[in-house]
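# What follows is a protein structure lacking sequence information:
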Ligand code: ADP
C-alpha cells in the first residue's frame, strides 16, 4: 500500500490542484489531501469549508481522502498517516526555489520523499490568490474552479 500526502491550504481548491491530485492517484494507492491551517494567516474560507469543497469535488475520484492537517509539521503529519511521499505541483522556477529546501528538510526530519509533478500548462498560471482576486472583482473564474467553489464564491 503506497500512500502519498498532497498538502496545501486549498483556499479554495482549484483545477490546478485537482489535476495534480488526480495524477497522484495514478502513482499511489491512496492520496491523502491534507488541508492545512496556519492560525496566523487570514483565509477567505474557514477550514471546514475548504475541507468540504475539496471533499465534494474529489469524491468522484477513487483513492482520495481529505483530512485537516492542522498547523503542525507536515513531516509529523506524514509519519502519523504512514505516508511514503509528499506530492507537490510545480508551476515555475519560483515554486521550485520555494519547495526545494522544504523537501530536503522534510526528508531530513522523517525520511519522507517529495515527488514533484509539473503543472499542466492549462493551469500553470493560476493560484488560489489570483482566482480570489478575480472573483472578488466580478471576473468569471468558472474555467478554473470546480462547481462547489463557484457556488461559494457566489453566495
Ligand atoms: P499553500 O500551501 O501555499 O497554501 P496551495 O493550497 O495554494 O498552497 O497549493 C497547494 C499545493 O498545490 C502547492 O504547494 C502546489 O504544489 C500545488 N499547486 C498550487 N497551484 C497549482 C497549479 N496551478 N498547478 C499545479 N499545482 C499547483
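That came in fine, so what should we check first? Fair warning: this is a prediction, and the values are worked out from it, not measured in the lab. Numbers count the residues shown, from 1 in each chain.

# close enough to count as contact, residue 25 and residue 61?
Yes. With contacts counted by CB atoms under 8 Å, residue 25 reaches residue 61, the gap being 6.0 Å. In short, each C-beta sits where N, CA and C put it, glycine included.

# more neighbours, the two?
Taking neighbours as other CB atoms under 10 Å, residue 25 and residue 61 compare with residue 25 leading, 18 against 13.

# Now do the contacts for the more buried one.
Applying CB atoms under 8 Å, 6 or more residues apart in numbering, one finds that residue 25 lies in contact with 31, 61-64.

# What is the longest helix along the chain packed up against?
Across the chain, the helix with the greatest residue count (assigned by DSSP state H) is helix 93-110. Applying 3 or more CB pairs under 8 Å, 6 or more residues apart in numbering; DSSP states H and E, we find helix 93-110 packed against helix 74-81, strand 85-90, strand 113-118.

# Of those, which stretch is the most buried?
Looking across the helices and strands packed on helix 93-110 with neighbours counted as mean count of other CB atoms under 10 Å, the highest average goes to strand 85-90: a mean of 21.

# Taking strand 113-118 as reference, get the angle to it.
In terms of direction (axes from the mean of the first three to the mean of the last three CA atoms, to 10 degrees), strand 85-90 departs from strand 113-118 by 30 degrees.
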